[in-house]
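>>> generate a structure from the sequence data that follows.
(4 chains)
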Number of protein chains: 2
Amino acid sequence: MPAVVVSRLSLYLRELQHLVRAGRATVSSSQLATLFGFTDAQVRKDLAYFGHFGHPGIGYRCSELIAEIRRILGTDRQWTVTMVGVGNMGRALLRYRGFSTQGFCIVAAFDRDQSIVGSQIEGVPVFDVSRLGEIVRAQGIQLGMITVPANEAQQVADQLVAAGIAGIVNFAPVALSLPEEVGLVGVDLTTELEQLAFSVANRCSSR
Amino acid sequence: MPAVVVSRLSLYLRELQHLVRAGRATVSSSQLATLFGFTDAQVRKDLAYFGHFGHPGIGYRCSELIAEIRRILGTDRQWTVTMVGVGNMGRALLRYRGFSTQGFCIVAAFDRDQSIVGSQIEGVPVFDVSRLGEIVRAQGIQLGMITVPANEAQQVADQLVAAGIAGIVNFAPVALSLPEEVGLVGVDLTTELEQLAFSVANRCSSR
DNA sequence: CTGTGTGAAGGCCTTCACAGCC
DNA sequence: GGCTGTGAAGGCCTTCACACAG
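Numbers count the residues shown, from 1 in each chain, chains lettered A, B, ... in the order given. Presented below is the predicted three-dimensional model:
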């Protein structure tokens, strides 16, 4: 299965949830496709990698497909998440409601700023970063989000790995070096703006 | 040229800047490649699409390559940016220093919360969203970042397009429909976590 | 007739392997 | 020896086109 399929499944899931909220019961591959500028064949192939979810002549039942995609992504279960770095970005993400509704529960945050250690932000307790290993291990936290400055990110990542984390989302603008068996996703906002600048400067529609 | 090349150029740029800060003068394609888990041939091909920047036997001079990549991306010039939606995410992004050093200058923000309209956040003035068209047009603002709730994002995008914006970064978790000639990049944090969950649940190293 | 699932074809992207250069 | 730039090969991903189902 192509690697990009999973990211498209996430997009399908998101729009399916919007469709259900709008009262739609079914959707066809071509309707889904036009939302993103994909082809209908691509949508069907993406879904067919994982099973037979469609109904010929009807399309896909939204709620049914939502359940299937969540099962595929593994977000039908709950994931425990920690956030390391409670600066501007960390705080914004802690306050973002979208994670918990999709199966991600932030259970602990870490920082070294003593003025916030011991407090709670949106119900999430903030611990001193020196207790990272202890708490991640004790609570069996599965995923970590790194929102510290770039020059501290690798060290934090190493601590998370040592504590047995299964995957990391890295918001620091630096490449991390991790063991093969730990999942890694990088999010760099400057990179995204640069993408946009290039596509605008070269008038190449990225779609 | 493959579409993904541009996103890799951004990554090269980022690490080159780290290398320069660490005092490195040159770097080879294989050294750059191992930072990301790419092949050396890929790095060379990516760069060779745009010119002959390397020096056989030496590698690439970091500062030289930085200048070239910035020129390619279009970030050797300054871009004016606006942010629509000054909630948690918007505020965090306004306070993020990384944009301005890479050529992106946030010159105005918009919200409809009257308690912040008229104030400044990190030196960026916050206007009522009703003045969006007027101000974007008057100041010739080039790029827009959308950080409003999903159900308001399309409407905001339409206003930005009407005001003549050249490109949009959409942080709202919804697919936007824009005219072909307007650049669009989507950033969905939940999607990123879902990627990670899948790769962990299926123990497939995404690298 | 609408719409899915899917082999086959086509195209795009990456990797290989080496000529050329320092 | 070290390293880049690049045609050729290979592989991966998307699109096509159609059999089949409701």
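>>> look up how far chain B lies from residue A:194.
5 Å (CB to the nearest CB, to the nearest Å). Placement of C-beta: from N, CA and C, glycine included.
>>> an error on my part: the question was meant for residue A:191.
Note on residue A:191: its distance to chain B, by CB to the nearest CB, is 4 Å.
>>> that's a strand at that residue, yeah?
No. Residue A:191 is assigned helix when assessed by DSSP: H, G, I helix; E, B strand; the rest coil, not a strand.
>>> that one against residue B:8, yeah?
No. Counting by CB atoms under 8 Å, residue B:8 is not a contact partner of residue A:191; they are 9.7 Å apart.
>>> looking at these two, which one has more neighbours?
Between residue A:191 and residue B:8, counted using other CB atoms under 10 Å in any protein chain shown, residue A:191 has the larger neighbour count: 23 against 18.
>>> for the closest residue to the more buried one other than its chain neighbours, what are its contacts?
Residue nearest to residue A:191 in three dimensions, not counting chain neighbours: residue B:10, with 4.1 Å by CB to CB, 6 or more residues apart in numbering or on different chains. Residue B:10 makes contact with A:188, A:190-191, A:194-195, B:73, according to CB atoms under 8 Å, 6 or more residues apart in numbering or on different chains.
>>> quick check, the helix or strand hosting residue B:10 touching DNA strand C?
Element membership for residue B:10 (DSSP states H and E) is helix B:5-21. Yes. Using CB under 7 Å from any atom of the strand, helix B:5-21 reaches DNA strand C at residue B:5.
>>> any idea how far that helix is from the middle of the chain?
13 Å (CA atoms, centre = their mean, to the nearest Å).
>>> so what's residue A:193 closest to, chain neighbours aside?
Take residue A:193 and drop its neighbours on the chain: the residue closest to it by CB to CB, 6+ apart is residue B:104, 5.3 Å away.
>>> tally of neighbours for that neighbour?
Residue B:104: 22 surrounding residues under other CB under 10 Å.
>>> same check, this time on residue A:19
Neighbour tally, residue A:19, other CB under 10 Å: 20.
>>> gap between it and residue B:189?
From residue A:19 over to residue B:189 the distance is 21 Å, taken as CB to CB, to the nearest Å.
>>> check residue A:132 too.
Remark: distance between residue A:132 and residue B:189 (CB to CB) = 22 Å.
>>> three-state assignment of residue A:60?
With three-state DSSP as the basis, residue A:60 sits in strand.
>>> in chain A, where's the longest strand?
In chain A, assigned by DSSP state E, the strand with the most residues is strand A:104-111.
>>> in chain A, which residue sits furthest out from the middle?
The outermost residue of chain A relative to its centre, with distances by CA atoms, centre = their mean, is residue A:57 at 33.6 Å.
>>> and it, which of the three is it?
With three-state DSSP as the basis, residue A:57 sits in coil.
>>> tell me the mean pLDDT for stretch A:187-194?
The pLDDT scores in stretch A:187-194 average 98.
>>> could you list every residue that touches the most centrally placed residue in chain A?
Nearest residue to the geometric centre of chain A (CA atoms, centre = their mean): residue A:169, 7.6 Å. Going by CB under 8 Å, 6+ apart, residue A:169 touches A:143-146, A:185-187, B:192-193, B:196.
>>> who is it paired with across the strands?
Beta-bridge partners recorded for residue A:169 (DSSP bridges): residue A:145, residue A:185.
>>> with residue A:108 instead?
residue A:82.
>>> quick one: the strands in chain A?
Shown for chain A, the strands assigned by DSSP E span residues A:26-27, A:60-61, A:79-84, A:104-111, A:120-121, A:124-128, A:143-146, A:167-170, A:183-186.
>>> tell me the helices and strands packed up against the fifth one.
With contacts defined as 3 or more CB pairs under 8 Å, 6 or more residues apart in numbering or on different chains; DSSP states H and E, strand A:120-121 has these neighbours: helix A:88-95.
>>> just the longest one next, same as before
The elements that strand A:104-111 packs onto, with contact taken as 3+ CB pairs under 8 Å, 6+ apart, are strand A:79-84, helix A:88-95, helix A:98-101, strand A:124-128, helix A:132-139, helix B:189-201.
>>> wait, which of these is closest to DNA strand D?
With CB to the nearest atom of the strand as the measure, helix B:189-201 is the member of these nearest DNA strand D (13.7 Å).
>>> same for the closest one, what does it pack against?
When contacts are defined as 3+ CB pairs under 8 Å, 6+ apart, helix B:189-201 sits against helix A:5-21, helix A:62-73, strand A:79-84, helix A:98-101, strand A:104-111, strand A:143-146, strand A:167-170, strand A:183-186.
>>> which one of the contacts of residue B:10 has the most neighbours?
Highest neighbour count within the contacts of residue B:10, by other CB under 10 Å: residue A:194, with 29 neighbours.
>>> what's near enough to touch residue A:114?
Contacts of residue A:114 by CB under 8 Å, 6+ apart are residue A:128.
>>> poorly predicted segments of chain A, please.
The model of chain A has pLDDT under 70 over residues A:205-207.
>>> give me phi/psi at the residue of it found nearest DNA strand C?
Using CB to the nearest atom of the strand, the closest approach of chain A to DNA strand C is made by residue A:54 at 2.5 Å. When quoted as degrees, to the nearest 10, the phi and psi of residue A:54 stand at phi -90, psi 170.
>>> check contacts around it.
A:29, A:44, A:47, A:60.
>>> residue A:26 versus that one, what's the distance?
Going from residue A:54 to residue A:26 by CB to CB gives 10 Å.
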